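A.B. asks: Sequence and predicted model, in that order:
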Amino acid sequence: MKLPLPPDFEFHEHIGLLIHRPRGVLNKAAINKIISLIGELEFTLKKPFNRFLDTVAADAVDLNLEYIRRVSLYRRRVCGNRPAVKTAILATDSAMADHGHLHASLTQGSPINVRVFQNRKEAAEWLGVPPELLAEKDHS
């Protein structure tokens, strides 16, 4: 199945992996886009898939803690009885990493297992995918 995706997303159905490489500011609109796409894929595919969020090319994060809390609790509720999935967040910026750690903390005990990485190879190992799949893309 070939799903139409925005240019900053890739979906590898054969290994069950959604990759998102946001650019610019990671704000409420960007997160809402991610949540919406994940919801569509979950509804369409009816099977679990892992996620990789590569925040390296994002310029900044403009999210408050209350919004992260609401998003995390919403995702916990939606995924309540579903099979476990992994979300690897690549964050070399401390603000991005802090937001990722908060999401990880708030989804603990749910089927959503979130970890924040500073290294692509470690993220690939944890997700069980080839490291080259997570390699940085040239956006020039």
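C.D. replies: Thanks, I have the structure now.
A.B. asks: tell me the phi and psi of D93?
C.D. replies: Main-chain torsions, D93, degrees, to the nearest 10: phi -90, psi 130.
A.B. asks: same question but for F117, I mixed them up
C.D. replies: For F117, the backbone dihedrals (degrees, to the nearest 10) come out as phi -130, psi 150.
A.B. asks: Tell me how far it lies from E66.
C.D. replies: 25 Å (C-beta to C-beta, to the nearest Å). For the C-beta atoms, the positions are set from N, CA and C on the backbone; glycine is no exception.
A.B. asks: for this structure, which helix is longest?
C.D. replies: In the chain, assigned by DSSP state H, the helix with the most residues is helix 28-45.
A.B. asks: where exactly do the strands run in this structure?
C.D. replies: Secondary structure of the chain (DSSP state E): strands at 9-12, 17-20, 24-27, 50-54, 58-62, 85-90, 112-117.
A.B. asks: and the ones you listed as CSV, adding distance to G39 and mean pLDDT?
C.D. replies: CSV is the format used below for the strands of the chain (distance: least, C-beta to C-beta, whole Å; pLDDT from 0 to 100):
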stretch, distance to G39, mean pLDDT
strand 9-12, 13, 92
strand 17-20, 12, 95
strand 24-27, 18, 93
strand 50-54, 12, 96
strand 58-62, 21, 91
strand 85-90, 13, 97
strand 112-117, 13, 96
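A.B. asks: out of these, nearest to Y74?
C.D. replies: strand 112-117 (11.0 Å; C-beta to C-beta).
A.B. asks: In CSV, please show the C-alpha coordinates belonging to the closest one.
C.D. replies: This file holds the C-alpha atoms of strand 112-117, laid out as CSV (Å, rounded to 0.1, in the frame of the first residue of the first chain):
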residue,chain,number,x,y,z
ILE,A,112,4.1,3.7,23.7
ASN,A,113,7.8,3.2,24.5
VAL,A,114,9.7,6.5,23.9
ARG,A,115,13.4,7.0,24.1
VAL,A,116,15.5,10.0,23.2
PHE,A,117,18.8,9.5,21.4
